[in-house]
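1. My questions are about this predicted structure, shown below with the sequence.
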There are 2 protein chains.
Amino acid sequence: MSTKVQEPVITSIDDLQTSEARWLALKRIQYVDQTGKSRTWEVATRKTRGKAGVDAVAMGNVLRHPSRPPATLIVIQYRPPLDAYTVEWPAGLIDADETAEQAAVREFKEETGYDCRVTSVSPPQAADPGMSNANMQLVMVDVDLAEDDSVAPEQRLEDGEHIERVIVPLSQFYDRLVEYAARDRYVVAAKLFHFAAGMQFAQTNKLT
Amino acid sequence: MSTKVQEPVITSIDDLQTSEARWLALKRIQYVDQTGKSRTWEVATRKTRGKAGVDAVAMGNVLRHPSRPPATLIVIQYRPPLDAYTVEWPAGLIDADETAEQAAVREFKEETGYDCRVTSVSPPQAADPGMSNANMQLVMVDVDLAEDDSVAPEQRLEDGEHIERVIVPLSQFYDRLVEYAARDRYVVAAKLFHFAAGMQFAQTNKLT
């Protein structure tokens, strides 16, 4: 975990034109709908999508320790778009020449310091389909911990990344996210919250 | 379900400047990070956020029938940003003077035709925290079906909305989403997929 010298603070927010943006763009889509009528839709897009055709991966992870219950590692970082600390699973953009699986192993190592084994890769999912074309794949990974895991492995963060790691037993996953969401200046990412809410739902409802 | 006269088709996609957009905007954020360094971040935002401070709601719903297992209603619609049919839970933007709970009941009735009872409201969640400030709340609702539910209630769709309703038993939820994701021109929304994947995970893994 990096040393937090001070709280991040936003100094200005200005309109940004698509022609001046480096990472994002707005597009106007003209389309003909099911009834034959011409319509328009506004969409936000990333300028960085590579050959995989998918923007990003998130790593749903299970930490398996020889003598403790299974846990998951969540990451907390300041996100300027929300001016808040977000609680998420480790995630990252897929590089231009990478597969989702390769990006998952690389990003997981960088953000958390841990090596992982991929156990499943989801189909591409739409991050926010009414607003953007951003998409991602959920890559489930296992991490095998040693009996003595008292020293966390070193992160390999990029310049400007400050990512706190928190290990949460799976049995407390949903409750801990609800606690984080109630804290001042903390927001839980929707995908993470939905996964934990789905777990909680399955454990507390009759499904058949 | 509306009659599908033809497949939607995109006729043009053009760069859109923030100054010309009606619904979305790009912003450039200048901030000082934890180490005191000045940095910039690009973000996509909605221009429509109201007093609730939250953009949207999604309705995680359980259809309760007197003599059949519990099910959920998913909606399928053409989404221009992805040029695909997306599989989602009913969702919508919160109007300027609404609470999340009010928006949930209203939007659920409009998109599905069914009346619902709210059973829980989540904290605000960040839809895609690296790219946008868009946020939403997951509102869980119950729908009480009559023994004879052979006639689905009428939707109240807005001009241009064509929303197909599909009822899926909860026991088949995850598998059905995986099937949809494999179809040509179909994409499952990430929040919905994560909830179902969380359910599946809880049912197939040891959690303690």
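-> Structure's in. What do you need? Numbers count the residues shown, from 1 in each chain, chains lettered A, B, ... in the order given.

2. May I have the phi/psi pair for residue A:99?
-> phi -90, psi 170 (degrees, to the nearest 10).

3. can you tell me how far it sits from residue A:57?
-> 10 Å (C-beta to C-beta, to the nearest Å). Every C-beta, even on glycine, is put in place using the N, C-alpha and C of the backbone.

4. Of all the residues in chain A, which one is nearest chain B?
-> residue A:198 (2.7 Å; C-beta to the nearest C-beta).

5. Shouldn't that residue be within a strand?
-> No - Residue A:198 is assigned helix when assessed by DSSP: H, G, I helix; E, B strand; the rest coil, not a strand.

6. any weak-confidence spans in chain A?
-> Low-confidence segments of chain A (pLDDT under 70): A:1-4.

7. let's see it at 90
-> The model of chain A has pLDDT under 90 over residues A:1-6, A:48-53, A:96, A:149-152, A:156-161, A:208.

8. Name the SS class of the residue lying farthest from the centre of it, please.
-> Here chain A reaches farthest from its C-alpha mean at residue A:36, the gap being 38.0 Å by C-alpha atoms, centre = their mean. Look at residue A:36: counting by three-state DSSP, its state is coil.

9. mind listing the strands for chain A?
-> Secondary structure of chain A (DSSP state E): strands at A:9-16, A:24-32, A:38-46, A:56-64, A:71-79, A:84-88, A:91-93, A:117-121, A:125-126, A:135-144, A:164-169, A:186-189.

10. I'd like those as CSV, with distance to chain B appended.
-> Converted to CSV, the strands of chain A look like this (distance: least, C-beta to the nearest C-beta, whole Å):
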stretch, distance to chain B
strand A:9-16, 4
strand A:24-32, 4
strand A:38-46, 4
strand A:56-64, 7
strand A:71-79, 5
strand A:84-88, 4
strand A:91-93, 8
strand A:117-121, 9
strand A:125-126, 4
strand A:135-144, 6
strand A:164-169, 8
strand A:186-189, 5
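
11. closest to residue B:87 out of those strands?
-> Residue B:87 sits nearest to strand A:125-126 of all these, at 9.1 Å, using C-beta to C-beta.

12. what's next to that closest one, contact-wise?
-> Residues outside strand A:125-126 that contact it (C-beta atoms under 8 Å, 6 or more residues apart in numbering or on different chains) are A:133-138, B:79, B:82, B:84, B:86, B:181, B:187-190, B:193-194.

13. swap the cut-off to 10 Å and go again
-> A:54, A:58, A:132-138, A:191, B:79, B:81-82, B:84, B:86-88, B:177, B:181, B:187-194, B:197 (C-beta atoms under 10 Å, 6 or more residues apart in numbering or on different chains).

14. Give me the sheet partners of that strand and which way each runs.
-> As defined by DSSP bridges, the strand partners of strand A:125-126 come to strand A:135-144 (antiparallel), strand B:186-189 (parallel).
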